[in-house]
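Chemist: the sequence and its predicted three-dimensional model are supplied below.
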Amino acid sequence: MQKNWWKINSETLIDTPFLAVYEDRVRQNIEKLISYVKGDTQKLRPHIKTHKNGEILELFKIYNIKKVKCATIAEAELAAIHQIPDILLSYQPVGLKAERYFSLLKKHPDLHFSTIVDNLETANNLNAFAKENQLILSLYLDLNTGMNRTGFPLSENWIGLISEIQKLENIKFEGIHIYDGHIKGTVEERKQEASKAFDLIQSKINENVKIVAGGSNTFPFYAEQENVECSPGTFVFWDSNYQINLPEQDFKPALVIVGTIISKPTKNTFCIDIGYKAVSSENPIDKRLVILNDENLIPISHSEEHLVIENKGENDYQIGDIIYAKPYHVCPTVALYDNVQAINKKHQIYSVWPVSARTRKINF
């Protein structure tokens, strides 16, 4: 691995904290993703929740990735603005979300949209909306294979629910959606656990039923299956969590948080400007970020605008020094920023990429 790959030319630095994205590494990660499916980009439907970024959607198009998955109306709208041909909203649209979703469909009739449901009542409501708007709505059935967050229970009569959905006049049944982020362990343990539900599902459907399945944890399993679209998202930037827990997936860290030492309150501690508002902080303090400058720099205290670091090594640090860190959980970290700074091979900031879909609403 290139030594100090994260360091940025000081002449192009801006005020911190900021997110730096290394475009060459993002490209390498996209290429690595494609290699896992042996070049068949039709098997890829990456989730855009991680980056929420139009420039990366344009990179997807360069690599012939023409399908995406998203969690919010704003993410779906961003994909539509960038003319991604096939957009799956993997978040059941209910209430006002359904109205916003239909507005988006009507604005972009040239694109293929689909979404998910996990009950007949919502399917009926969406069918009524579709009939009122003179549209045919594409739906996937969201199945609960053990995460217990959303989805129709796999243990119940989901085949019967599909039959009822298929009877709806303004609905086109597209297939089955599975998200199994609860599956942890070694790569073999994850494959074994994912295969239990997948084999059951496959035994009850015909080969014409599409399946959109998995995130990063189970990507290696679904990449090997026929008639499955894989939907990992974190691969574009990667993070410390997955680097530790998914070692078999050889993606490169492509995003860092850049901060500045603003104070040295004691001999062995210093404070940097990467507070709660600059890095995702839902995890314990030892699982929020990893300092890249020096493995002997240990986070010990965290608040809104301050992160106190204990220096357990011999290197000397001064107020004003730049600190680089990998986020433990990159997806919510990116959502804290209005934009990211794009870094070229010369270690220079050369462009600003808006995190456009961090907002809950772009137009709708």
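Modeler: Arrived safely.
Chemist: which regions of this protein sit below the pLDDT cut-off?
Modeler: Across the chain, residues meeting the criterion (pLDDT under 70) sit at 1-2.
Chemist: can you map out the helices along it?
Modeler: For the chain, helices defined by DSSP state H occupy the ranges 23-36, 54-62, 73-81, 96-107, 120-132, 158-166, 187-204, 219-222, 240-245, 330-334.
Chemist: in its sheet, what does the lengthiest strand in the chain sit against?
Modeler: When every strand of the chain is counted residue by residue (DSSP state E), the longest turns out to be strand 255-266. Each strand that pairs with strand 255-266, with its direction, by DSSP bridges: strand 18-22 (antiparallel), strand 269-272 (antiparallel), strand 322-327 (antiparallel).
Chemist: buried sites along it?
Modeler: Within strand 255-266, the residues scored as buried using 16 or more other C-beta atoms under 10 Å are 255-261. Any C-beta I mention is one placed from the backbone N, CA and C, and that applies to glycine too.
Chemist: any chance of a markdown table for those, columns distance to residue 60?
Modeler: Conversion of the buried residues of strand 255-266 to a markdown table gives the following (distance: C-beta to C-beta, whole Å):
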| residue | distance to residue 60 |
| --- | --- |
| 255 | 17 |
| 256 | 22 |
| 257 | 24 |
| 258 | 26 |
| 259 | 30 |
| 260 | 33 |
| 261 | 37 |
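Chemist: mind saving the C-alpha coords of stretch 208-226 as CSV?
Modeler: What follows is the C-alpha trace of stretch 208-226 in CSV, where atoms were taken according to Å, rounded to 0.1, in the frame of the first residue of the first chain:
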residue,chain,number,x,y,z
ASN,A,208,-38.2,-15.1,-14.0
VAL,A,209,-38.5,-13.5,-10.6
LYS,A,210,-35.7,-11.0,-10.0
ILE,A,211,-33.9,-10.7,-6.6
VAL,A,212,-32.2,-7.6,-5.3
ALA,A,213,-30.2,-8.8,-2.3
GLY,A,214,-27.6,-7.9,0.3
GLY,A,215,-25.3,-5.1,1.3
SER,A,216,-21.6,-5.3,2.0
ASN,A,217,-21.7,-8.1,4.5
THR,A,218,-23.2,-10.7,2.1
PHE,A,219,-21.9,-9.3,-1.2
PRO,A,220,-19.4,-12.1,-1.8
PHE,A,221,-22.2,-14.7,-1.5
TYR,A,222,-24.7,-12.9,-3.8
ALA,A,223,-22.0,-12.0,-6.3
GLU,A,224,-21.8,-15.7,-7.1
GLN,A,225,-25.5,-16.4,-7.5
GLU,A,226,-27.5,-16.4,-10.7
